[in-house]
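Q: Got a predicted structure here, sequence first:
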2 protein chains.
Amino acid sequence: MAKALIVGSVALDTIQTPHGTGERILGGSASFGSVAASYFTEVSMVGVVGTDFPGSAVEQFKARGIDVQGLEMREGRTFHWSGYYEYDMNQAHTNATELNVFADFSPRLSAEQRKIPYVFLANIHPQLQLDVLEQMESPRLVAIDTMNFWIEGYKEELTQVIQRSDFLLMNDGEARQYCECPNLIECGQRLRALGPSTVAIKKGEHGALLFHDGGLSFFPSYPVIELKDPTGAGDTFAGALIGYLARKDDTGPDNLVRAVQAGTCMASFVVEDFSLTRVANLGPGELRERVATLRNMVRLPEPDEEALESRLAPSLS
Amino acid sequence: MAKALIVGSVALDTIQTPHGTGERILGGSASFGSVAASYFTEVSMVGVVGTDFPGSAVEQFKARGIDVQGLEMREGRTFHWSGYYEYDMNQAHTNATELNVFADFSPRLSAEQRKIPYVFLANIHPQLQLDVLEQMESPRLVAIDTMNFWIEGYKEELTQVIQRSDFLLMNDGEARQYCECPNLIECGQRLRALGPSTVAIKKGEHGALLFHDGGLSFFPSYPVIELKDPTGAGDTFAGALIGYLARKDDTGPDNLVRAVQAGTCMASFVVEDFSLTRVANLGPGELRERVATLRNMVRLPEPDEEALESRLAPSLS
């Protein structure tokens, strides 16, 4: 088992969905990512919060065995995102983004953290992602995420980060925007050509595409009925898959596919409730069951070759 | 091998996409459905055309071995749909719909046609679908498709058709609209409760969900790079799967899954060119290769149960 380092935002979110409201609830990419990864391996979390950050939230991380030495507390207020979702919960609408202490975030890693082999740089300024990469000694796998804002304003820096990464995560809209290409298969191929041997394109409820050394893989989303709040699904997906890879310390195609499947299943829990309520409290068998369900959903019996070729020239058959 | 009966529209379409234009090209649900089904079994096609319908189009059907006895020619012009697609080719935009001879379409089946065991009633007026069902003697499987227009204006008749069908096909928007429910999993379950033992919800480039006796299955779309014109994808999907079921004369869960996979692959050909150009001219191995590719895309290695359960209580592991 190898360790995972997770760098990103820690936030207090105010969220409205058709199913309820959450006020100043624990969120942020590093929060979701670290909790998800903690189901598989030892996690060291890097982020910054303000003095308003509740001790109970820190306790939530600790309860999942997460090392919070790298969670810096600074004078000021915690990053606050306020937004809402309408019935189409694939689309987040922002009311306000208050960066607060996150505006001056500049991650300084400890000697120990620099040696961690599996790294997830969640959605933060590409320059900060590069700064972290400079500090790392010789990571075995660097996974990165980003968002439309950095694609629009900091494409050059972002491209440098992508070139130095092993595993790139983007959602479908971001991939299309970055590549200026509507076809996701083409986007995946182009992104992979930039450097990362693995590219995951996340499509929300429509699943995820994985471009990797083993070819092209597709993962449906777990069929969630109780969709309450989609916030954090992408970070949970990423955190779980990095954690899984680190646990097995194996980046071969089979383990990669298993890791991504664990990610899609873990993401299906986070959306069933606000904040970390559901995903931080999984019971025995819950994840295993969802993995089994998804396996069954894509199970294909052996093809009948004869039937597939039988009437190419119907006049002859 | 059992035969398939396919009832629907035969049209001349004028279509604009970002990749070109087609003027008065062969289209319509019965055209796409019949050609797709013809790769697997003997097809009898039922539809109506006007005197402007080109003989070369009839020859295209015949070349695929399709029985066109039920393709009635009437005084007047052929059904004409004119529309366009923008870069998001999931969405068709209509310029004009001229029903012409299709307005008085009233399918009368021959004694032979009434005995055909596999029936696909493509998107036509639900009352016509009921009329056809009245004429059938004892079909083994009735599959139906529909569209938003009938859901809005003829929900009661449509519900009767659904109740009498075995296999319902809807796209995601139609399923949500009919069920008045945003969650597709819930939609599928509710539609199935109305009667049909199998429900397919088509999501275009995002694949298809299948609710059936064997549980819930998911099929990704084949990763098409050369997407030229999405017209007919849904009808091709449906026609192929009905044809496949008829060929094997087997509606068990395994054959159902194989049939739907054949459908997704067949649909991937039709969108690579306008009209039937690509899908009516498949060569040896082409379909088999796409089936193999899709199998590989959803191939999952055996899960590692230990890894999935290892850190439920991280302090203990």
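A: Arrived safely.
Q: starting at the chain centroid, how far to the helix or strand containing A:Asp131?
A: Assigned by DSSP states H and E, A:Asp131 belongs to helix A:126-135. Here the centre of mass of C-alpha atoms in helix A:126-135, compared against the chain's by CA atoms, centre = their mean, to the nearest Å, lies 18 Å away.
Q: Which other helices and strands does that helix contact?
A: If you count contacts as 3 or more CB pairs under 8 Å, 6 or more residues apart in numbering or on different chains; DSSP states H and E, helix A:126-135 packs onto strand A:4-7, strand A:118-121, helix A:155-163. In this view, the C-beta of every residue, glycine as well, is placed from N, C-alpha and C.
Q: For chain B, find the nearest of those.
A: Among the helices and strands packed on helix A:126-135, the nearest to chain B by CB to the nearest CB is strand A:4-7 (11.7 Å).
Q: what distance separates the closest one from the centre of its chain?
A: Computed by CA atoms, centre = their mean, the separation of strand A:4-7 from the middle of its chain amounts to 12 Å.
Q: ok, that strand: who's next to it in the sheet?
A: strand A:43-50 (parallel), strand A:118-121 (parallel) (DSSP bridges).
Q: Can you tell me which of the ones you listed is packed in deepest?
A: strand A:118-121 (a mean of 30; mean count of other CB atoms under 10 Å in any protein chain shown).
Q: would you put the C-alpha positions of it in PDB?
A: Extracted in PDB, the C-alpha atoms of strand A:118-121 (Å, rounded to 0.1, in the frame of the first residue of the first chain):
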ATOM      1  CA  TYR A 118       0.400   9.100  -5.600                       C
ATOM      2  CA  VAL A 119      -0.700  12.700  -6.000                       C
ATOM      3  CA  PHE A 120      -4.100  14.300  -6.900                       C
ATOM      4  CA  LEU A 121      -4.000  17.900  -7.800                       C
END
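Q: and for it, what are the contacting residues?
A: A:2-8, A:33, A:37, A:41, A:129, A:132-133, A:136, A:139-145, A:161, A:165, A:238-239, A:242-243, A:245-246 (CB atoms under 8 Å, 6 or more residues apart in numbering or on different chains).
Q: what do you get for stretch A:81-100?
A: By CB under 8 Å, 6+ apart, the surrounding residues in contact with stretch A:81-100 are A:11, A:13-18, A:27, A:50, A:76-80, A:204-205, A:227, A:229-231, B:182.
Q: rewinding a little: between the helix holding A:Asp131 and helix A:155-163, how big is the angle?
A: On the basis of axes from the mean of the first three to the mean of the last three CA atoms, to 10 degrees, helix A:126-135 is oriented at 40 degrees to helix A:155-163.
Q: so after helix A:126-135, what's the next helix or strand?
A: Using DSSP H and E, the helix or strand that follows helix A:126-135 towards the C-terminus is strand A:141-144.
Q: That following strand: what's the following helix or strand?
A: Assigned by DSSP H and E, the successor of strand A:141-144 is helix A:148-153.
Q: For A:Lys248, grab phi and psi.
A: phi -90, psi -10 (degrees, to the nearest 10).
Q: Spatially, what comes nearest to it if we skip its sequence neighbours?
A: A:Asn255 (5.2 Å; CB to CB, 6 or more residues apart in numbering or on different chains).
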